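>>> just a sequence and a predicted model for now, questions to come.
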Amino acid sequence: MDRKNVIYIAGYGRSGSTLLEMIIGSNNKIYPLGELTNFDTIKHKDKAKCSCGKYLKECEFWRNIIKEYDLNNKIAINGQKKLWALIFKNTPENIHYVIDSSKTARKNHFRPIRLAKLLGKNIYMIHIVRDGRGCIQSLIRGSNQKMENGEEPKIYFPVLRGTLGWMISNFSAHIFQILHKDKYLRIRYEDFTGDFENVMKKIGVFLDICFQEEIKRIKEANELPTIHQISGNRLRSQRTISLRTDDGWKNSFSSMNNIIFLIFNYFFVKLYEYDIKFNKIP
Ligand SMILES: [Zn+2]
């Protein structure tokens, strides 16, 4: 019997979701696949790369899935259902969890709720939250994806966009929490990088998985095993990871932007125990 379930990484962009996926996904019972929401858009793009370093059409995991997915495509009633069936079929037998790190931003607000209904499987949500002002400062710097493609990285209205985007992404994750209370865990990016071992233990209890080896691997800066994430942050092609709490935004985030952010997000800032006012880093 197929006992594979899904770990869904929720939250807003630039909150460390790729990092989280890479680290917990290096456990041999977990299979990380990246932002699966983008599968349809990128599956036939010549330049789309898997995190294993190969092009998707050459990757040992994805090439079979893409081939089978295209086959009989006319009969497919629901592409997503078919994709997931192929994923469960093509992942090794000993796997307990497949990770989808599509987050809950933009078109994916209700994706985890829909997946729970569609797949009839357990969806374990890990909601990763980073101080939204850090996410916004990163938006001000520009689009990762466009930078990767060598295009102009400017994002328009980053403060307003980030302020509303952060609010709605988190709100969406809480709707899932209300519906699936015991399948929801929230972690803060700042704790994940700053108090790594304890947060990993907490995730281990939530998923009933022992992360001792993964904790050791990161502490000793050893290489991660090869994985097949299809989309996400550029970081995903790196094989070693150093954890650092990135709070440089505190030096450049203006008081005016802070007011705009707080008008919409005061409640969440309180809920996640961030500071209303922040100090510059000496
Ligand atoms: Zn691959």
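Done, it's in. Residues are numbered from 1 along each chain as shown.
>>> enumerate the residues of the protein near the ion.
Applying CB under 5 Å from the ion, we find that the chain lies next to the ion at Cys50, Cys52, Cys59, His228. Using the backbone N, CA and C atoms, a C-beta is placed for each residue, glycine as well.
>>> show me the helices in this protein, by range?
With DSSP state H as the criterion, the chain has helices at 17-24, 39-42, 62-70, 79-90, 111-119, 132-141, 144-148, 158-179, 189-194, 196-207, 212-219, 255-271.
>>> most tightly surrounded among those?
Most buried of these by mean neighbour count (mean count of other CB atoms under 10 Å) is helix 17-24; its value is a mean of 25.
>>> would you mind listing the outside residues contacting it?
Residues outside helix 17-24 that contact it (CB atoms under 8 Å, 6 or more residues apart in numbering): 7, 9, 11, 30, 32, 34, 99, 101, 103, 126, 128, 187, 192, 200, 203, 207, 211, 214, 218, 224, 227, 229, 232-233, 235-236, 241, 243.
>>> cool, and stretch 196-216?
With CB under 8 Å, 6+ apart, stretch 196-216 has contacts from 7, 23-24, 26-27, 29-30, 96-97, 124, 126, 185, 187, 191-192, 218-219, 222, 243.
>>> top of the residues of the chain next to the ion by neighbour count?
Sorting the residues of the chain next to the ion by how many neighbours each has (other CB atoms under 10 Å) puts Cys50 first, at 25 neighbours.
>>> skipping its backbone neighbours, what lies nearest Phe268 in space?
Nearest non-adjacent residue to Phe268, counting by CB to CB, 6 or more residues apart in numbering: Asn170, 5.6 Å away.
>>> and the residue of the stretch 101-250 of the chain nearest the ion?
His228 (3.6 Å; CB to the ion).
>>> how close does the residue lying closest to that residue once chain neighbours are set aside get to Pro92?
Distances taken as CB to CB, 6+ apart place Phe61 nearest to His228, at 4.3 Å, with adjacent residues excluded. Distance, Phe61 to Pro92, using CB to CB, to the nearest Å: 10 Å.
>>> in terms of neighbours, single out the busier of those two.
Comparing Phe61 with Pro92 by other CB under 10 Å, the one with more neighbours is Phe61, at 20 against 9.
>>> got a list of what the more buried one touches?
Phe61 makes contact with Cys50, Cys52, Asn90, His228 under the criterion CB under 8 Å, 6+ apart.
>>> pLDDT added to those, as JSON lines?
Shown next, in JSON lines, are these (pLDDT from 0 to 100):
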{"residue": "Cys50", "pLDDT": "92"}
{"residue": "Cys52", "pLDDT": "91"}
{"residue": "Asn90", "pLDDT": "94"}
{"residue": "His228", "pLDDT": "93"}
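>>> from those residues, which is closest to Asn257?
Taking CB to CB as the measure, Asn257 lies nearest Cys50 of these, at 36.8 Å.
>>> please name the nearest non-neighbouring residue to that closest one.
Cys59 (4.1 Å).
>>> got it, and Pro158?
Computed as CB to CB, 6+ apart, the closest residue to Pro158 that is not its neighbour in sequence is Leu139, at 3.9 Å.
>>> wait, what's in contact with the one you found?
Leu139 touches Arg14, Ile155, Pro158, Val159, Arg161, Gly162, counting by CB under 8 Å, 6+ apart.
>>> mind giving me JSON lines with those and columns for pLDDT and distance to Ser252?
Output for those, formatted as JSON lines (pLDDT from 0 to 100; distance: CB to CB, whole Å):
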{"residue": "Arg14", "pLDDT": "91", "distance to Ser252": "15"}
{"residue": "Ile155", "pLDDT": "79", "distance to Ser252": "16"}
{"residue": "Pro158", "pLDDT": "91", "distance to Ser252": "12"}
{"residue": "Val159", "pLDDT": "94", "distance to Ser252": "12"}
{"residue": "Arg161", "pLDDT": "94", "distance to Ser252": "17"}
{"residue": "Gly162", "pLDDT": "96", "distance to Ser252": "14"}
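>>> now the two most distant members of these.
Maximum distance among the contacts of Leu139 (CB to CB): 13.9 Å, for Arg14 and Val159.
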